[in-house]
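> sharing a sequence plus its predicted fold:
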Amino acid sequence: MPLAIAIAALAIGFEQLIQWKWGPMGIIAFVLLTVGIKAKSTMVGGIGAAILVMLLAQSG
């Protein structure tokens, strides 16, 4: 049980980091990428990855 709590805390922390760094678009891109990977949908995952790449290129 403590392992599940630690993993959940890390996931929430990662989500907050994305929200702070890239805003709501970062969260949307991360969700699309995650859903695409879990559903084995290359189109959805690719859209999420492309948005993340654009956000990373913009911040650099």
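Looks like it arrived, so ask away.
> tell me where the chain has helices.
Remark: helices assigned in the chain by DSSP state H are 2-38, 42-59.
> any chance of those in TSV with mean neighbour count and mean pLDDT as columns?
Placement of C-beta: from N, CA and C, glycine included. Formatted as TSV, those follow (neighbours: other Cβ atoms under 10 Å; pLDDT from 0 to 100):
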stretch	mean neighbour count	mean pLDDT
helix 2-38	13	85
helix 42-59	14	88
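> and A39, how many neighbours?
Neighbourhood size, A39 [other Cβ atoms under 10 Å]: 11.
> phi, psi of it?
phi -90, psi 0 (degrees, to the nearest 10).
> that one and V31: what is the separation?
12 Å (Cβ to Cβ, to the nearest Å).
> next, the contact list for E15, please.
Contacts of E15 were listed using Cβ atoms under 8 Å, 6 or more residues apart in numbering, and they are I27, F30.
> which residue lies nearest the spatial centre of the chain?
Nearest to the mean C-alpha position of the chain, by Cα atoms, centre = their mean, lies F30 at 2.2 Å.
> contact partners for the nearest residue to that one once chain neighbours are set aside?
In this structure, F30 finds its nearest non-sequential neighbour in I18, 5.5 Å apart by Cβ to Cβ, 6 or more residues apart in numbering. Contacts for I18 (Cβ under 8 Å, 6+ apart) come out as G26, I27, F30.
> could you check how far I18 is from P2?
25 Å.
> please apply the same query to A57.
39 Å.
> can you check G26 too?
29 Å.
> what of G23?
From G23 to P2 the distance is 32 Å (Cβ to Cβ).
> try V53
Per Cβ to Cβ, V53 is found 36 Å from P2.
> again, but for A8
Taken as Cβ to Cβ, the span from A8 to P2 is 11 Å.
> same deal with A11?
Going from A11 to P2 by Cβ to Cβ gives 15 Å.
> do L52 as well
From L52 across to P2, the span is 31 Å (Cβ to Cβ).
> what do you get for E15?
20 Å.
> picking up where we left off before, residue contacts, the residue nearest to the centre of the chain?
Contacts for F30 (Cβ under 8 Å, 6+ apart) come out as E15, I18, G48, L52.
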